[in-house]
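Asks: sequence and predicted model, in that order:
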Amino acid sequence: MMSEPGEEALFSLTDKLAFVKPSERQFSLLEKYFIKQLEDGQGECFLELGIGDGQPPGLSESDLQASVETIQRLAKELNLNLVHLRDRCAGATSSNLSAPNNLACKNKQTTPDGKSQAADQMVYSKSGPYPTSESVTKNGDTATSSETKSSKKWQKNRTKNASQSSPQTVSNSTSPVGFSLSPTQPDDPVISNGYVVREYLLRKEVPSDDFVDVRVAVVGNVDAGKSTLLGVLTHGELDNGRGLARLRLLRHKHEAETGRTSSVSNDILGFNSSGQVVNKPTHGQLDWSTICKSASKVVTFIDLAGHERYLKTTIFGMTGHSPDYAMFMVGANAGVIGMAKEHLGLALALNIPVFVVVTKIDMCPPNVLQETMSLLFRILKSPGCRKIPILISSTDDVICSATNFSSERMCPVFSVSNVTGENLDLLKMFLNLLIPRSQPRLSEPAHFQVDEIFSVPGVGNVVSGTCLSGIIRLNDTLLLGPDPMGQFNLVPIRGIHRKRMPVTYVRGGQTASFALKKLKRSQLRKGIVLVSPELHPRACVEFTAEVLILHHPTTISVGYQAMVHAGPIRQTATILAFDRLEHLRTGDKDVVRFRFIRYPEYLYSGLRLIFREGKTKAVGTVKETFPINELIQPVIRNRLLRKFQRDQQPSGAVTTSSTSAQSDAKSAVPVSSGTESASVVITNLSSAPSASDSVADSLNKPAYSKQRKHFRRRKENPTKGATSAESTQPSNPGPSSHISPTS
């Protein structure tokens, strides 16, 4: 036994026998390690028994039993739910032990690094849903005989398989993850006589008002079946093929009439500790509070628009709602067309892991489906994406892809049908195994970004968004801003809701809604933040970012304007300067200085942004921000003063008096009364615009408008409105008169 704690910790974490009868010190080290893993995964983590560093995989029957006892003791100490995922023999692929579905890859191609990946084509096995020993090769791969099959037989087998699997997908609770995914039980002699690797999912038990939240953005081209799939997943009822399922998600009347989503809508799918779906609609409606109370994990779907007209809304949903994953939808009958590539590139630019769902396989001919899959796999493996597509055909593939999905290189591909329910159970299982990517950062000051604003009768103004760091509790006082002048105001938190359920706090990585006190609607807008006073936030109008130009028809020069999307911020910015280059073209990368044209915003270093206008697309990262300088305020006030002086200059003013006043003080304002003229020096600049009620109106008018009206009125009727001294003057004034046509 090693004496030093560091060496003992290293031994305990890398040895596959670490769970076999550990000492009390080793058990405490394991306990600390899993506490850290659960904090990083927000209450979830995976565990493989029988995997060690530099050791052959697998454990004997006695060692496996001892390791299981240690894990059960650990789960009891940490208040965890232990979910058994699968058992697999060491040295063999897990396809020998799990029950694959009827959809499998056609071939296995070997890459230069020695790994095998799925080919672009796929076939169905002869044996139906579960292949026999004749259809499984030595390495566990499905036998490939698609070249000898006709399209009619392929279609017949698919229809038969769909009819066999569809009754299992209607009920949400019939496909739990907690059961053993292998058809061979642990006491089978094939497993008990060899070395076995066992995989578990550790899920922390949470109170009724808390749960693990995973956000999934649903993107894809229009008519790809995004809203329909979400309606089937969340309500547990299959679609009728004419859009029945999507009607439960659409928010507006015009969306239901056209069948196209034009706004950002949300829906949830809850799982309990054993992996069963807890969504139970009542009269076709979902009660979010009931789902959240009975669920230990909630998957929040962010349904985005697929039409090109609503691309700005889609970009805002991807940047402002901070999704953990992106579900890329492709219609099997249409393929990757329209805005599909735009949405895929958007997810890749924001470094969001992507998994693909191919829909409408029940109505697609086999040759069209094969072409769609081939094109999709080529796009995913292209140099721009550099993904490793894996066609999911069994529960074993689901576990493998979910446990390794954090690498961002793996891209699972599901093929489902919303009408027959084919492979929907595999998709639900995959969603249950997803772990939140965002780090909670609980030790940092509170930072909450606002992406939605509501006015609730009887409550007041409500802001909704994502908590990026820290913990926000009820009745806390935070800084809200920036306002149009770049200031932050203290506001108390009157109420907190998560998924329409009242709670007392919200921590980093979670979404929530806050009811704020004593605020007007004009003080709220999308893009503002709620931050702790410890951060000492300062708004900025200028910032620098490292930008990569993805596409531009010509060149980008200084003065170019485009829309900047950074988190919930959406505002036009102007390019002020480049760091190295004079112009930017497609493929160029440089540090660019921007300036917002309307409002100051709150930015921070490391924030991802998208720079877009028309066909111009660029991505980047914020490097440095420049807070609003206090010296800008006197400049603006002096400019208003000069305009005020110009508007108040009378027609018969003595030029010498105004000149002398300006020499004494720059804030001199001449005031005329009858034939006399005087100069009043204003020491307080703020009182200058409020000297008369007409001054505020005159600031918005041209400087010459009032004088020209006065001249025309005097020309038509010289005696009207004149004083007794002016009435004695002749009707045709000479050159010595104070009235000038140009005054």
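Replies: Received, thanks.

Asks: all helices of the stretch 501-650 of the chain, in order?
Replies: Along the stretch 501-650 of the chain, the stretches classed as helices by DSSP state H, counting those that start in this stretch are 632-647.

Asks: strands of that one, start to end?
Replies: Counting by DSSP state E, counting those that start in this stretch, one finds strands in the stretch 501-650 of the chain at the ranges 501-503, 505-507, 511-516, 529-531, 540-551, 561-566, 569-578, 589-596, 608-613, 616-627.

Asks: correct me, but residue 317 touches residue 304?
Replies: Yes. The pair residue 317 / residue 304 is scored as a contact, 4.6 Å apart, by Cβ atoms under 8 Å. To be clear about C-beta, it is placed using only N, CA and C from the backbone, and glycine gets the same treatment.

Asks: okay, now the unreliable bits of the stretch 101-250 of the chain?
Replies: Within the stretch 101-250 of the chain, the ranges that satisfy pLDDT under 70 run 101-193.

Asks: hmm, residue 581 and residue 588 touching each other?
Replies: Yes. Between residue 588 and residue 581 a contact is recorded at 6.2 Å, counting by Cβ under 8 Å.

Asks: the two: which is more packed in?
Replies: residue 588 (17 against 14; other Cβ atoms under 10 Å).

Asks: skipping its backbone neighbours, what lies nearest the more buried one in space?
Replies: residue 549 (5.1 Å; Cβ to Cβ, 6 or more residues apart in numbering).

Asks: tell me the contacts of the one you found?
Replies: Residue 549 makes contact with 556, 584, 585, 586, 587, 588, 589, 616, 617, 618 under the criterion Cβ atoms under 8 Å, 6 or more residues apart in numbering.

Asks: and the furthest pair within these?
Replies: Greatest spatial distance among those (Cβ to Cβ): 589 and 616, at 15.0 Å.

Asks: if you count surrounding residues, which of these two has more?
Replies: Legend: neighbour count by other Cβ under 10 Å for residue 589 and residue 616, higher for residue 616 (19 against 14).

Asks: roughly how far apart are the more buried one and residue 562?
Replies: For residue 616, the distance to residue 562 (Cβ to Cβ, to the nearest Å) stands at 6 Å.

Asks: with residue 578 instead?
Replies: Noted for residue 578: a distance of 15 Å to residue 562, by Cβ to Cβ.

Asks: and for residue 211?
Replies: Separation of residue 211 from residue 562 (Cβ to Cβ): 40 Å.

Asks: tell me which of the two has more neighbours.
Replies: Ranked by neighbour count (other Cβ under 10 Å), residue 211 and residue 562 place residue 211 first, with 25 against 19.

Asks: quick one on the thing from earlier: now the common contact residues for residue 317 and residue 304.
Replies: With Cβ under 8 Å, 6+ apart as the test, residue 317 and residue 304 both reach 217, 264.

Asks: okay, those two: which has more neighbours?
Replies: Each of residue 317 and residue 304 has its neighbours counted (other Cβ under 10 Å); residue 304 has more, 27 against 23.

Asks: please verify my assumption that that one contacts residue 261.
Replies: Yes. Judged on Cβ under 8 Å, residue 304 makes contact with residue 261 at a distance of 7.1 Å.

Asks: low-confidence ranges, the chain, go.
Replies: For the chain, the stretches with pLDDT under 70 are 1-12, 91-193, 251, 407, 629-641, 643-645, 647-743.

Asks: follow-up on the earlier one: just the buried ones from the contacts of residue 549?
Replies: Burial by neighbour count, 16 or more other Cβ atoms under 10 Å: within those this picks out 556, 584, 586, 588, 616, 617, 618.

Asks: between these, which sits nearest residue 486?
Replies: Closest approach to residue 486 among those (Cβ to Cβ): residue 618, at 26.1 Å.

Asks: quickly list what that closest one is bridged to.
Replies: residue 549, residue 611 (DSSP bridges).

Asks: let me see the contact set for it.
Replies: Residue 618 neighbours (Cβ under 8 Å, 6+ apart): 547, 548, 549, 550, 552, 562, 610, 611, 612.

Asks: please name the nearest non-neighbouring residue to the last one.
Replies: With Cβ to Cβ, 6+ apart as the measure, residue 563 is the residue that lies nearest to residue 612, at 5.5 Å, once sequence neighbours are left out.

Asks: number of residues surrounding that neighbour?
Replies: Residues near residue 563, counting by other Cβ under 10 Å, number 16.

Asks: cool, and residue 316?
Replies: 21.

Asks: I'd assumed residue 564 was in contact with it.
Replies: No. Residue 316 is beyond contact range of residue 564, at 11.8 Å (criterion: Cβ under 8 Å).

Asks: need the residues touching each of the two.
Replies: In terms of Cβ under 8 Å, 6+ apart, residue 316 and residue 564 are both contacted by the residues residue 570.

Asks: name the nearest residue to residue 575, sequence neighbours excluded.
Replies: Using Cβ to Cβ, 6+ apart, the closest residue to residue 575 is residue 560 (4.9 Å).

Asks: should've said residue 460
Replies: residue 515 (6.3 Å).

Asks: who touches the one you found in this structure?
Replies: 456, 459, 460, 461, 462, 493, 494, 495, 496, 497.

Asks: repeat that with 6 Å
Replies: By Cβ atoms under 6 Å, 6 or more residues apart in numbering, the contact set of residue 515 is 459, 462, 494, 495.

Asks: beta partners for it?
Replies: In this entry, residue 515 is beta-bridged to residue 462, residue 495, by DSSP bridges.

Asks: which residue ranges form the strands in the stretch 1-150 of the chain?
Replies: In the stretch 1-150 of the chain, the strands defined using DSSP E, counting those that start in this stretch lie at 44-49, 80-89, 103-105, 108-110, 116-118, 122-124.

Asks: my bad, the stretch 251-400 of the chain
Replies: Under DSSP E, counting those that start in this stretch, the stretch 251-400 of the chain gives strands at 265-271, 297-303, 325-331, 354-359, 388-391.

Asks: the residue lying closest to residue 349 once chain neighbours are set aside: neighbouring residues, count only.
Replies: Closest residue to residue 349 in three dimensions, ignoring its sequence neighbours and counting by Cβ to Cβ, 6+ apart: residue 619, at 4.2 Å. Close neighbours of residue 619, defined as other Cβ under 10 Å, add up to 22.

Asks: which of the contacts of residue 549 sits closest to residue 528?
Replies: Distance to residue 528 across the contacts of residue 549 (Cβ to Cβ) is lowest for residue 618, with 24.9 Å.

Asks: please name the nearest non-neighbouring residue to residue 452.
Replies: Distances taken as Cβ to Cβ, 6+ apart put residue 464 closest to residue 452, at 4.0 Å, once the chain neighbours are dropped.

Asks: same check, this time on residue 39
Replies: That would be residue 440: by Cβ to Cβ, 6+ apart, it lies 7.4 Å from residue 39.

Asks: just give the number of residues close to that neighbour.
Replies: 19.

Asks: so it, which state does it fall into?
Replies: Under DSSP: H, G, I helix; E, B strand; the rest coil, residue 440 falls in the coil class.

Asks: wait, isn't it in contact with residue 510?
Replies: No. With contacts counted by Cβ atoms under 6 Å, residue 440 stays clear of residue 510, the gap being 8.2 Å.

Asks: which parts of stretch 60-67 are buried?
Replies: Buried residues in stretch 60-67, counted by 16+ other Cβ under 10 Å: 63, 64, 66, 67.

Asks: ignore the last one, stretch 431-451
Replies: The neighbour-count check on stretch 431-451 (16+ other Cβ under 10 Å) flags 431-438, 440, 444-451 as buried.

Asks: first-to-last residue distance for that stretch?
Replies: Stretch 431-451 stretches 25 Å from its first residue to its last (Cα to Cα, to the nearest Å).

Asks: quick one: residues in contact with that stretch.
Replies: Applying Cβ under 6 Å, 6+ apart, the external contacts of stretch 431-451 come out as 41-42, 44, 177, 214, 271, 275, 299, 320, 324, 402, 463, 465-472, 507-509, 528-532, 534-535, 567-568.

Asks: quick one: buried ones out of those?
Replies: Judged by 16+ other Cβ under 10 Å, buried ones among the contacts of stretch 431-451: 41-42, 44, 177, 214, 271, 275, 299, 320, 324, 402, 463, 465-472, 507-509, 528-532, 535, 567-568.
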